[in-house]
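Visitor: Sharing a model that was predicted from the sequence below.
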Amino acid sequence: MGFKDSEQRGRAATIHDVAAVAGVSARTVSRVINQSPKVGAETRRAIEAVIDQLGFSPNSRARGLSAGRSYLIGVVQDDPNAHVIGIIQRGIVEAAREPGYELIVHPADMGDGDLLANIRDFVAKSRVDGLILLPPISERADVASTLGEMGLPCVGMAAVPVAGYGWSLVSDERGAAAKMGVHLAELGHRRIAIVTGPRDFQSSREREAGFREALAARGIGLPDDHVAEGDYGFASGMAAAERLLELEEPPTAIFACNDIMAAGVMKAAQMRGVSVPGMLSVAGFDDSDVAVMLTPDLTTIRRPLLDNARRATVELIRQIEGNGVAGGREAGPLTLVVRGSTGIAAG
């Protein structure tokens with residue numbers, strides 16, 4: 001039975017089919033797939049033409065065995081926000097597809113006393129070629145140093161610089177939150193509140209600090225009863241807003257440190273008959289897909305999550321393949337996006 005007969009039956013082309021049509025050995029085809037210099041240019045072009053003709057796709061595991069790699073990228077994360085994680089994972093998959101890598105996601109617990117052992121165990125069992133670390137896990141110095149000691153290619157995405165990663169993408173979340181403080185102050189708001197993320201998350205501390213600094217520079221205080229800690233979840237945003245709106249003099253603006261909590265703030269306001277932005281301006285952080293699902297659309301800080309994930313993946317693959325720049329770092333841009341949820345402070 002020839003290849004055409006088997007193709008008609010739905011069987012995918014194999015390396016042996018390519019070899020037969022090209023008139024070479026399967027070993028020679030394998031060398032072309034793995035970019036070996038032992039194959040002449042003319043033979044290489046002929047084999048590549050047959051690969052295209054037959055639609056042959058080499059198995060990543062087989063390539064991995066010959067190249068000494070698994071062609072697997074691991075992502076370690078502890079973020080319950082599916083809207084953010086989903087975008088990041090999509091960006092990684094998109095960037096990894098063409099060079100032939102696949103993604104394995106490993107959920108971890110930021111507070112796990114055995115976190116370092118957990119990550120080592122994941123690396124050993126999965127045989128990943130490299131890791132992308134997401135916040136808040138990425139912002140633990142002991143995680144970065146452990147991976148550095150292991151010599152594993154890795155990229156850390158974080159709100160602050162962390163030594164130890166082969167390459168880092170650092171977002172100026174403090175500066176971005178300051179932009180939000182300026183925006184609300186310029187709208188005339190003076191009774192302003194904040195719903196923070198968990199205080200043990202570096203991203204939460206950076207956002208709160210930047211927001212406070214911007215308000216203080218304009219003579220606006222942020223008293224203790226105008227600060228509510230959330231957990232980056234919807235319910236915590238609602239609970240925080242309910243407490244803040246019960247104050248004798250409730251805030252005219254609330255900055256929630258992510259979009260999901262901002263959605264909770266807007267829900268609580270709606271249930272109390274507090275109009276947004278007429279009576280209360282609400283702002284978030286991330287510019288996830290949630291921001292434009294709300295009514296009105298949410299003013300927020302845009303983190304280019306998809307682009308950041310692609311960039312991190314490209315840099316990780318460069319490390320894996322020996323083309324990376326050791327200790328490289330890049331700043332991911334964050335921008336203020338003004339939409340309908342913020343307006344001039346009520347008189």
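Guide: Yes, it's here.

Visitor: Distance check, A95 against L103.
Guide: Here A95 is placed at a distance of 10 Å from L103 (CB to CB, to the nearest Å). Placement of C-beta: from N, CA and C, glycine included.

Visitor: What are the contacting residues of the helix or strand that contains R27?
Guide: Per DSSP states H and E, R27 falls inside helix 26-33. Residues from elsewhere that reach helix 26-33 (CB atoms under 8 Å, 6 or more residues apart in numbering): 15-16, 18-19, 22, 38-39, 43-44, 47-48, 51, 58, 63, 66.

Visitor: roughly how far apart are A312 and L184?
Guide: Applying CB to CB, the value for A312 to L184 is 31 Å.

Visitor: Now do stretch 207-225, average pLDDT.
Guide: Stretch 207-225 shows a mean pLDDT of 96.

Visitor: start to end distance for that stretch?
Guide: The straight-line separation of the ends of stretch 207-225 (CA to CA, to the nearest Å) is 18 Å.

Visitor: ditto for stretch 121-131
Guide: 13 Å.

Visitor: swap in stretch 159-175?
Guide: The first residue of stretch 159-175 is 11 Å away from its last residue (CA to CA).

Visitor: And stretch 263-282, by the same measure?
Guide: End-to-end distance for stretch 263-282, by CA to CA: 9 Å.

Visitor: do you know how far Q53 is from L280?
Guide: In this view, Q53 and L280 are 64 Å apart by CB to CB.

Visitor: One more: A185?
Guide: Noted for A185: a distance of 16 Å to L280, by CB to CB.

Visitor: what does stretch 106-123 contact?
Guide: For stretch 106-123, contacts defined as CB under 8 Å, 6+ apart pick out 74-78, 126, 128, 131, 136-137, 140, 142-143, 146-147, 150, 152, 200-201.

Visitor: List the ones among those residues that fall in helices.
Guide: The members of the contacts of stretch 106-123 that map onto helices under DSSP state H are 126, 142-143, 146-147, 150.

Visitor: C-terminal to the helix holding R27, what's the next element?
Guide: With elements assigned by DSSP H and E, the helix or strand that comes after helix 26-33 is helix 41-54.

Visitor: now the helices for the protein?
Guide: Taking DSSP H as the criterion, the chain carries its helices at 3-8, 15-22, 26-33, 41-54, 60-67, 82-97, 115-126, 141-150, 173-186, 202-216, 234-245, 259-271, 305-320.

Visitor: of all those, which gets the most neighbours per residue?
Guide: Among the helices of the chain, helix 259-271 has the highest mean neighbour count (mean count of other CB atoms under 10 Å), at a mean of 24.

Visitor: just checking, what packs against it?
Guide: Using 3 or more CB pairs under 8 Å, 6 or more residues apart in numbering; DSSP states H and E, the elements in contact with helix 259-271 are strand 192-196, helix 234-245, strand 253-256, strand 281-283.

Visitor: so where is this structure shaky, pLDDT-wise?
Guide: Applying pLDDT under 70 to the chain flags the ranges 1-12, 58-68, 325-326, 347.

Visitor: At the geometric centre of it, which residue do we find?
Guide: For the chain, I88 is the residue whose C-alpha lies nearest the centre (CA atoms, centre = their mean; 3.8 Å).

Visitor: got a list of what that residue touches?
Guide: Going by CB under 8 Å, 6+ apart, I88 touches 75, 134, 305-306, 308-309.

Visitor: 7 Å instead, please
Guide: I88 sits next to 134, 305, 309 when contact means CB atoms under 7 Å, 6 or more residues apart in numbering.

Visitor: any chance of those residues in JSON lines, with distance to P223 too?
Guide: Output for these, formatted as JSON lines (distance: CB to CB, whole Å):
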{"residue": "L134", "distance to P223": "33"}
{"residue": "L305", "distance to P223": "33"}
{"residue": "A309", "distance to P223": "38"}
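
Visitor: how much space between D297 and F234?
Guide: Here the criterion is CB to CB. By it, D297 lies 17 Å from F234.

Visitor: shouldn't A291 be in contact with D297?
Guide: Yes. Checked against CB atoms under 7 Å, the pair A291 and D297 is within contact range at 6.5 Å.

Visitor: Looking at those two, which one has more neighbours?
Guide: Set A291 next to D297 and count neighbours by other CB atoms under 10 Å: A291 wins out with 23 against 14.

Visitor: which residues sit in contact with the spatially closest residue to that one that is not a sequence neighbour?
Guide: Nearest non-adjacent residue to A291, counting by CB to CB, 6 or more residues apart in numbering: L298, 4.1 Å away. The neighbourhood of L298, defined by CB under 7 Å, 6+ apart, consists of 259, 262, 284, 291, 339, 341.

Visitor: same check, this time on S126
Guide: 72, 74, 104.

Visitor: State the distance from the closest residue to G237 other than its chain neighbours to I73.
Guide: Nearest non-adjacent residue to G237, counting by CB to CB, 6+ apart: G264, 2.5 Å away. Per CB to CB, G264 is found 33 Å from I73.
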